[in-house]
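> any chance you could fold what I've pasted below:
(one chain, ligands or ions: 1)
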Amino acid sequence: TGVVTYDPGFMNTAATKSAITYIDGDQGILRYRGYPIEQLAEHSSFLEVSYLLIYGNLPTATELEEFDQKIRRHTLLHEELKGFFGGFPRDAHPMPVLSSAVSALSTWYQDSLDPFNEEQVELSTIRLLAKVPVIAAYAHKKSIGQALLYPDNSMSIVENFMRLNFGNPAERYEVDPEVVKALDLLLVLHADHEQNCSTSTVRLVGSSNANLFASVSAGINALFGPAHGGANEAVLKMLRQIQAEGMKPEVFMDKVKNKEDGVRLMGFGHRVYKNYDPRAKIIKKTAHEILGKLGGNDELLDIAMRLEEKALADDYFIQRKLYPNVDFYTGLIYKAMGFPEKMFTVLFAIGRLPGWIAQWREMIQDPEMKIGRPRQLYVGEAERNYPV
Ligand code: CMC
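Below is the predicted model:
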């Protein structure tokens, strides 16, 4: 009760205090637990960053090793859970398959559902970190009619993930260390981003004391939307369409500026960054390098670079402070790695997973935690009588 503030999209409302991620959108600064994203991108790994986000500090070598071993021990899926993948249409998008399977973890792993039992929360944390990449790879394999491989626990999370996506039972899978390094970097860059739509969803669902699997599953569904994680897939579709129609970037930009059919320059703009997204800066720097090595589609990269160049010099974008975001270049890299477009947002989900877990755990331990329950301004009919 009291005065209700009208704030659609929560543009100015802090729903929580958090010690995990710091963003300064005007200056383009992003830090996880105080560490600048540029330093983590250069020196850290996805495994280490996951530990940092979830437990608050960088691990010692022993802590990191133990964390790694625990995750490796939990990569196998319950055999019955594997039958789940056959229940979806072959052409199903892997995001709803992933969110459904993560939701279904609550049915197979009922011994780790209590949000207020520390051991159970720890177990569900490890289970998610270990199993989500496996589920994601199985969703991919099923969609192309290929065999589901068992994880190989002599491999790191990212190596295993590549093998589960691209290996087959008849051959030894040769890990390409360049690809593994590049994918690891992209996962680091996606690992948390404070109270974005999917993370706020994870917190909101968790605020009713729903378990971690249920909350993360809801976050995956929120991430699916093209205004959020789905943008990486949408960027590539946009670039391919421009290429296929032989359209000049200027002509496409005119459509965007005239808001024709609601066309937006996908991969541009951000609610918080009113400057260059620091993640996009790092990705842009490595995009050329990685695509050079992997033999990516140069023409699509050229189109992307020309669109960016035009946008950064255009009044429409300057006035609205629209800069490339994390999704602008990632799709091109994922494609060069061999992932189909439908998998792009799934890769974002794997990256964001430690952030969702860290935020959920912070919320559950917060003494000020309350069930999320926004207010509204009622604009409907005043009381009226039912006609008799
Ligand atoms: N292309 C063209 N115009 C745009 C774009 C764009 N990508 N983004 C925003 N605008 C315009 C918008 O039309 C509006 O103009 P006007 O003031 O004339 O009405 C103004 O800029 C402000 O936009 P908004 O939609 O009110 O801003 P928002 O903070 O609500 O939306 C956003 C942020 C990311 C949803 C939006 O910029 C967008 O739709 N971008 C394209 C999709 C995208 O790349 N999403 C990924 C976001 S980063 C990764 C993630 O978090 O998932």
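
> quick one: pLDDT of whichever residue of the chain sits closest to the ligand?
Ranking the residues of the chain by distance to the ligand (Cβ to the nearest ligand atom) places residue 269 first, at 2.3 Å. (Glycine included, C-beta is placed from N, CA and C.) Confidence at residue 269, expressed as pLDDT, is 94.

> what is the burial count for the closest residue to it other than its chain neighbours?
For residue 269, the nearest residue in space outside its immediate sequence neighbours is residue 322; the separation is 4.4 Å by Cβ to Cβ, 6 or more residues apart in numbering. The number of residues packed near residue 322 is 20, by other Cβ atoms under 10 Å.

> same check, this time on residue 193
Close neighbours of residue 193, defined as other Cβ under 10 Å, add up to 24.

> which parts of stretch 209-223 are buried?
Buried residues in stretch 209-223, defined by neighbour count with 16 or more other Cβ atoms under 10 Å: 210-223.

> ditto for stretch 261-279
With burial defined by 16+ other Cβ under 10 Å, the residues of stretch 261-279 counted as buried are 264-270, 272-273, 275-279.

> let me know the closest of those to residue 364.
For the buried residues of stretch 261-279, the minimum distance to residue 364 (Cβ to Cβ) is 24.7 Å, reached by residue 272.

> which other helices and strands contact the host helix or strand of residue 139?
Under the criterion of DSSP states H and E, residue 139 resides in helix 118-143. The criterion is 3 or more Cβ pairs under 8 Å, 6 or more residues apart in numbering; DSSP states H and E, and the helices and strands that helix 118-143 contacts are helix 61-73, helix 94-108, helix 157-166, helix 212-223, helix 344-365.

> hang on, residue 114 in a helix?
No. The assignment for residue 114, made by DSSP: H, G, I helix; E, B strand; the rest coil, is coil rather than a helix.

> what's the pLDDT at it?
pLDDT, the model's per-residue confidence, is 97 for residue 114.

> number of nearby residues for it?
Counted with other Cβ under 10 Å, the neighbours of residue 114 add up to 15.

> thought residue 359 was touching residue 205?
No. Using Cβ atoms under 8 Å, residue 359 makes no contact with residue 205, being 11.5 Å away.

> for the two, work out which one has more neighbours and name it.
residue 359 (29 against 22).

> all strands in this structure, in order from the N-terminus.
Listed in chain order, the strands of the chain (DSSP state E) span residues 21-24, 29-32, 35-36.
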